[in-house]
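Peer 1: Need coordinates for the below:
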Amino acid sequence: MIVVGRFSFPHEAHIAKASLDSAGIESCIADEHTVNAQWLYSNAIGGVRLMVAEKDADEAYKILNTDFSQSLENEIAAEEGRDVCPHCGSTDLSPHTKGKRPAFLVFILIGFPLFFYKHGYKCKQCGQFNEKL
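Peer 2: Model prediction:
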């Protein structure tokens, strides 16, 4: 077995292990329980070690050193692209709660909350309230 990663905390090693497991690479975590029992020993013993078989070491290094942040940004941008106002087609939307003031006034007057407001988005171009997009 070869060490492909060292981590200060066991949860970090488990995240890396999950990445390797999803790629079909078997791995094991060493010194996890020692660090859990006495976390001050983590630096002294070299941290929690993630180990793989020698034949899988190169692929494991490649997976652990891959930066997936660009694919996440692309996914977020794709999701944001579909949020448009159905009335005017604008993407300039802001979160808005319709009916919040009347609900507050009813609560002040009768002392009992009546929740008849709706959450949604308000278009900054045409002013329309959209319950769901």
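
Peer 1: Number of residues surrounding Ile2?
Peer 2: Ile2 has 15 neighbours, counted by other C-beta atoms under 10 Å. All C-beta spots, glycine's among them, are computed from the backbone N, C-alpha and C.

Peer 1: I'd say Gly120 and Lys98 touch.
Peer 2: Yes. Checked against C-beta atoms under 8 Å, the pair Gly120 and Lys98 is within contact range at 6.6 Å.

Peer 1: Mind listing the shared neighbours of those two?
Peer 2: Phe129 (C-beta atoms under 8 Å, 6 or more residues apart in numbering).

Peer 1: can you give me how far stretch 105-115 is from the chain middle?
Peer 2: Once both centres are worked out by C-alpha atoms, centre = their mean, to the nearest Å, stretch 105-115 turns out to sit 37 Å from its chain's centre.

Peer 1: which outside residues touch it?
Peer 2: Ala103.

Peer 1: Show me which residues of it are buried.
Peer 2: Buried residues in stretch 105-115, defined by neighbour count with 16 or more other C-beta atoms under 10 Å: Val106.

Peer 1: for stretch 17-33, same thing?
Peer 2: So, applying 16+ other C-beta under 10 Å, buried residues of stretch 17-33: Lys17, Ser19, Leu20, Ile25, Ser27, Ile29, Ala30, Asp31, Glu32.

Peer 1: so how far is His33 from the nearest residue in space to Gly99 that is not next to it in sequence?
Peer 2: With sequence-adjacent residues excluded and distances taken as C-beta to C-beta, 6 or more residues apart in numbering, Gly99 is closest to Tyr117, at 3.5 Å. From Tyr117 across to His33, the span is 51 Å (C-beta to C-beta, to the nearest Å).

Peer 1: that older thread, wait, doesn't the residue nearest to Gly99 sit right on Lys98?
Peer 2: Yes. Contact criterion C-beta under 8 Å: Tyr117 and Lys98 qualify, at 6.1 Å.

Peer 1: tell me the pLDDT at Phe116?
Peer 2: Among the per-residue scores, Phe116 holds a pLDDT of 68.
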